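**Student:** prediction below, plus the sequence it came from.
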Amino acid sequence: MADFELLARQLIQRWREDPNATYQSWFLWDERIKNFRSIRRGLAQVVAEIETGRFGVAYRGSSLETVVHSVAEQRQIFKGADHAFLWKPKLRIPDIYENPANQRAFGRLLDHCACCDTAEEIIAGIHTIDRLNIKGLGPAVANLLYFLHPTLVPPFNTAIVTGYNKLTGGKVKLGSWQHFLAMRSGVLDLNEQFRDLLSNDLGAIGGLLFDIGSGRYPAPPRGEEDQSAGSWTARLEQARAEAQSLNKAVQKQGESDRTHSEVQAWLRDIGRALGYDVWIAANDRGRLHDGLRLGEGCLESLPASISTSTGGDAIRLIDVLWLERGGDRVAAAFEVEHSTSIYSGIVRMLDLALSGSELHATAGLFLVAPDARESDVRAQLARPAFSRVADLEIAYLPYGELERHKDAISRFGSGLKAIKAIARALP
């Protein structure tokens, strides 16, 4: 076992250093943290609609589809997260759309887990839903519970289960809540054993298991019946060599992150040129663009009237804010949606607009995205979950228009007139 622990530590260290692996490409990804609040808010809306009988009888177009789609956009580890919730009419699963009692039980599980604070309470809620034997409603729901309690519930999918079985020699099966709870216990033990290399957030070990299960990294041998340590070390070295050359998908994602920062820098410079104080999202201020921090020359903190308002935690994560010079009134808010979930950006806009004061009532709200994403933006805003958005007059600001006119706006512009002139009304 000591040999296994030594090899496992070698594996985890190599995995942490790999820019392609989930630790760097997802777990340390800034957007992962930014999306937690919006996903939680979306789940609260699912619960509210179920409780009031407004949820409906279909997955498509529902508030559940909206929030699960946002989870599925959390990069490769959650790709396909919506498969478990898609209505399969011939099998009549998952049976939470046409069966009102099952739908309410599902809503109670989400509400219970959102309100509780301990692992014991979460496990009790899982046992309750498991006793009902709702057809097709299995531990894929744990992917939703992870975003409610990331230190208590690990993410769950086929690759993660495969990785867990390979690493531990376990025989966990998909589709069983009891198997999930057994795996959760084992995951917590592993996380405690290697805590110094992982995190209290179970997303880290979930990512490790995902990369082992999907074949990116080999699990170390646990005994004589496994392959030799020498053979395993050779496979680990091969994985390391492959990591030296980023694949096209990762290169594309890196370009997405670079472009996101570039557009934030455009908006920062325009705002300062127009005489506004500028706020860069709290988790982006230290990111470098052209050798400078994005937050260089910007506000170091938000006015107390904003930071302590309802939704203040989400407002501080809006990509760019323009504030009246020396004041606490937000003149404009910009969410840059290059390749990430448009849903999360809209939710942060709602948090600003509905923050409980008049400070932001006249703010210009802009979703900034590539020209090719206009249909995605409009499709998101057409969802029933965002029926109130039309009252907020959120506008779509295409990259192309912003790039073409940014210099002229900075030089000759005044207020929001020029920005509004190149934006497009939504929905």
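**Tutor:** Sure, I can see it.
**Student:** can we go C-alpha only for contacts and neighbour counts from here?
**Tutor:** Will do.
**Student:** which parts of the stretch 251-400 of the chain are strands?
**Tutor:** Using DSSP state E, counting those that start in this stretch, the strands of the stretch 251-400 of the chain run over 277-280, 288-289, 292-293, 320-323, 330-336, 364-369, 395-398.
**Student:** partners of the fourth one in the sheet?
**Tutor:** In the sheet containing strand 320-323, the strands it pairs with under DSSP bridges are strand 277-280 (antiparallel), strand 330-336 (antiparallel).
**Student:** so which of the strands of the stretch 251-400 of the chain gets nearest residue 89?
**Tutor:** Distance to residue 89, taken as C-alpha to C-alpha, is lowest for strand 364-369 among the strands of the stretch 251-400 of the chain, at 36.1 Å.
**Student:** now the closest one: how far from the chain's centre is it?
**Tutor:** Relative to the centre of its chain, strand 364-369 is centred 20 Å away, using C-alpha atoms, centre = their mean, to the nearest Å.
**Student:** what of stretch 405-422?
**Tutor:** 32 Å.
**Student:** could the strands paired with strand 320-323 be laid out in TSV, adding distance to residue 322?
**Tutor:** Shown next, in TSV, are those (distance: least, C-alpha to C-alpha, whole Å):
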stretch	distance to residue 322
strand 277-280	5
strand 330-336	5
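**Student:** among those strands, which is the most enclosed?
**Tutor:** strand 277-280 (a mean of 26; mean count of other C-alpha atoms under 10 Å).
**Student:** about what we covered before: ranking the strands paired with strand 320-323 by mean pLDDT, which is last?
**Tutor:** Of all the strands paired with strand 320-323, strand 330-336 carries the lowest average pLDDT, namely a mean of 92.
**Student:** distance check, residue 16 against residue 194.
**Tutor:** 13 Å (C-alpha to C-alpha, to the nearest Å).
**Student:** how about the closest residue to residue 364 other than its chain neighbours, what does it touch?
**Tutor:** Take residue 364 and drop its neighbours on the chain: the residue closest to it by C-alpha to C-alpha, 6 or more residues apart in numbering is residue 332, 4.4 Å away. By C-alpha atoms under 8 Å, 6 or more residues apart in numbering, the residues touching residue 332 are 321, 322, 323, 363, 364, 365, 366, 416.
**Student:** select only the buried ones of the residues you listed in ChimeraX?
**Tutor:** Restricted to buried positions by 16 or more other C-alpha atoms under 10 Å, the ChimeraX selection for those reads:
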select :321,322,323,363,364,365,366
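**Student:** out of the strands paired with strand 320-323, nearest to residue 71?
**Tutor:** strand 330-336 (18.2 Å).
**Student:** returning to that earlier point: any chance of the strands of the stretch 251-400 of the chain in TSV, with distance to residue 69 too?
**Tutor:** Shown next, in TSV, are those (distance: least, C-alpha to C-alpha, whole Å):
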stretch	distance to residue 69
strand 277-280	26
strand 288-289	30
strand 292-293	32
strand 320-323	24
strand 330-336	18
strand 364-369	18
strand 395-398	21
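**Student:** so for residue 140, which of the ones you listed sits nearest?
**Tutor:** strand 330-336 (30.1 Å).
**Student:** helix or strand right after the helix or strand harbouring residue 122?
**Tutor:** Counting by DSSP states H and E, the element that carries residue 122 is helix 119-131. Downstream of helix 119-131, the first helix or strand assigned by DSSP H and E is helix 142-148.
**Student:** who touches the helix or strand just after that next one?
**Tutor:** Next in sequence after helix 142-148, counting helices and strands by DSSP H and E, comes helix 158-168. Under the criterion C-alpha under 8 Å, 6+ apart, residues 170-174, 183, 187, 206-214, 219-220, 222 lie in contact with helix 158-168.
**Student:** now stretch 139-146
**Tutor:** Counting by C-alpha under 8 Å, 6+ apart, stretch 139-146 makes contact with 68, 71, 81, 84, 110, 113, 152-157, 174-177, 180, all of which sit outside it.
**Student:** just to revisit the earlier point, relative to residue 291, which of the strands paired with strand 320-323 is closest?
**Tutor:** Closest approach to residue 291 among the strands paired with strand 320-323 is made by strand 277-280 (16.3 Å; C-alpha to C-alpha).
**Student:** in stretch 270-278, what counts as buried?
**Tutor:** Neighbour-count burial for stretch 270-278 flags 270, 271, 272, 273, 274, 276, 277, 278 (criterion: 16+ other C-alpha under 10 Å).
**Student:** who are the contact partners of the third one?
**Tutor:** In other words, residue 272. Taking C-alpha under 8 Å, 6+ apart, we find residue 272 in contact with residue 278.
**Student:** make residue 1 into 36 and carry on from there
**Tutor:** Yes, from this point I'll number from 36; that puts the last item at residue 307.
**Student:** return the member of the contacts of residue 367 nearest to residue 435.
**Tutor:** Taking the contacts of residue 367 together and measuring to residue 435 by C-alpha to C-alpha, the closest member is residue 401, at 14.5 Å.
**Student:** got a pLDDT number for the closest one?
**Tutor:** Value for residue 401, per-residue pLDDT: 93.
**Student:** so residue 42 touches residue 255, yeah?
**Tutor:** Yes. Between residue 42 and residue 255 a contact is recorded at 6.1 Å, counting by C-alpha atoms under 8 Å.
**Student:** which of those two has more residues huddled nearby?
**Tutor:** residue 255 (28 against 19; other C-alpha atoms under 10 Å).
**Student:** my guess is residue 295 contacts residue 355. True?
**Tutor:** No. With contact defined as C-alpha under 8 Å, residue 295 does not count as touching residue 355 (11.3 Å).
**Student:** more neighbours: these two, which one.
**Tutor:** Between residue 295 and residue 355, counting by other C-alpha under 10 Å, residue 355 is the more crowded of the two (26 against 20).
**Student:** tell me how far that one lies from residue 349.
**Tutor:** Using C-alpha to C-alpha, residue 355 is found at 12 Å from residue 349.
**Student:** please apply the same query to residue 437.
**Tutor:** Separation of residue 437 from residue 349 (C-alpha to C-alpha) stands at 25 Å.
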